[in-house]
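> sequence-free structure coming up:
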């Protein structure tokens, strides 16, 4: 079963614009992670935010987490053509073990 | 520092055959997880190995089995292949079975096509 659901499913923007993707989940979590995937290849880890954190930054990435709403957002500032990819949020299942539960992803297209 | 590696890159099999996929974790990692990603979907958790034992399993039939070796590398075996097993199979490594805050690092995947 899939817990995380990303929104929108697809996003098209111009270079230099900001891109915002949202993720909602259903059950309580220990952490939430964002990944990028280029052209059906392996996933690249972007950022992990713990359940007791509200915001985290990494370079041009900003992630927020609202556990009361069971939602997270990923903001990419000053986007580049190289940011074109699919973005997934993944949560743990709050049980023993570290299995990740992924949503279906947001496909971002950045045109120059 | 080598990241997670997987082999082979691509594989074509016919229905009913058996397949073995391989994964070497990132240096310093001792936990390996396997995921199946169908086209247009997010990855789905198959199982996780730690200390050479299966520690956690997703909703996959017994046709999917695995193994972890003393050097932490891992294999995924799928028996009696079905057309629906066609997917990208991803391996992820991390440290420590009981750590919920550990980042998982993924390999490039093996693209399996079942004809």
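Thanks, I have it. Given the structure is predicted, the values throughout are model-derived calculations rather than measurements.
> near chain A, which residues of chain B are found?
Within chain B, the residues that sit near chain A (C-beta under 8 Å from any C-beta of the partner chain) are B:4, B:6, B:31, B:33, B:35, B:39-45, B:48, B:55-56, B:58-59, B:88, B:90, B:92, B:94, B:97-109, B:111. Yep, even glycine has a C-beta here, placed from its N, CA and C like the rest.
> and the pLDDT at residue A:91?
Here the pLDDT value assigned to residue A:91 is 90.
> look up phi and psi at it.
For residue A:91, the backbone dihedrals (degrees, to the nearest 10) come out as phi -120, psi 160.
> find the nearest non-adjacent residue to it, please.
residue A:29 (4.5 Å; C-beta to C-beta, 6 or more residues apart in numbering or on different chains).
> okay, and the beta partners of residue 35?
With no chain named, the answer covers chain A. Beta-bridge pairing of residue A:35, defined through DSSP bridges, involves residue A:45, residue A:88.
> I was thinking of chain B, sorry if that wasn't clear
Under the criterion used (DSSP bridges), residue B:35 bridges to residue B:45, residue B:90.
> give me the helices and strands touching the lowest-mean-pLDDT helix or strand in chain A, please.
When each helix and strand of chain A is scored by mean pLDDT, DSSP states H and E, strand A:5-7 comes last, with a mean of 83. When contacts are defined as 3 or more C-beta pairs under 8 Å, 6 or more residues apart in numbering or on different chains; DSSP states H and E, strand A:5-7 sits against strand A:19-24, strand A:85-92.
> would you turn those strands into TSV with mean neighbour count?
As requested, the helices and strands packed on strand A:5-7 are arranged in TSV below (neighbours: other C-beta atoms under 10 Å in any protein chain shown):
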stretch	mean neighbour count
strand A:19-24	20
strand A:85-92	24
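> which residue sits closest to the most centrally placed residue in chain B, ignoring its sequence neighbours?
Nearest to the mean C-alpha position of chain B, by C-alpha atoms, centre = their mean, lies residue B:34 at 2.9 Å. The shortest distance from residue B:34 to any non-neighbouring residue, by C-beta to C-beta, 6+ apart, is to residue B:46 (4.3 Å).
> just the pLDDT at that neighbour, thanks.
For residue B:46, pLDDT reads 96.
> check contacts around it.
Neighbouring residues of residue B:46 by C-beta atoms under 8 Å, 6 or more residues apart in numbering or on different chains: B:33, B:34, B:35, B:36, B:57, B:58, B:60, B:64, B:66, B:76.
> just send these back as a markdown table, with pLDDT too.
Below are these laid out as a markdown table (pLDDT from 0 to 100):
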| residue | pLDDT |
| --- | --- |
| B:33 | 94 |
| B:34 | 97 |
| B:35 | 97 |
| B:36 | 97 |
| B:57 | 92 |
| B:58 | 92 |
| B:60 | 96 |
| B:64 | 98 |
| B:66 | 97 |
| B:76 | 98 |
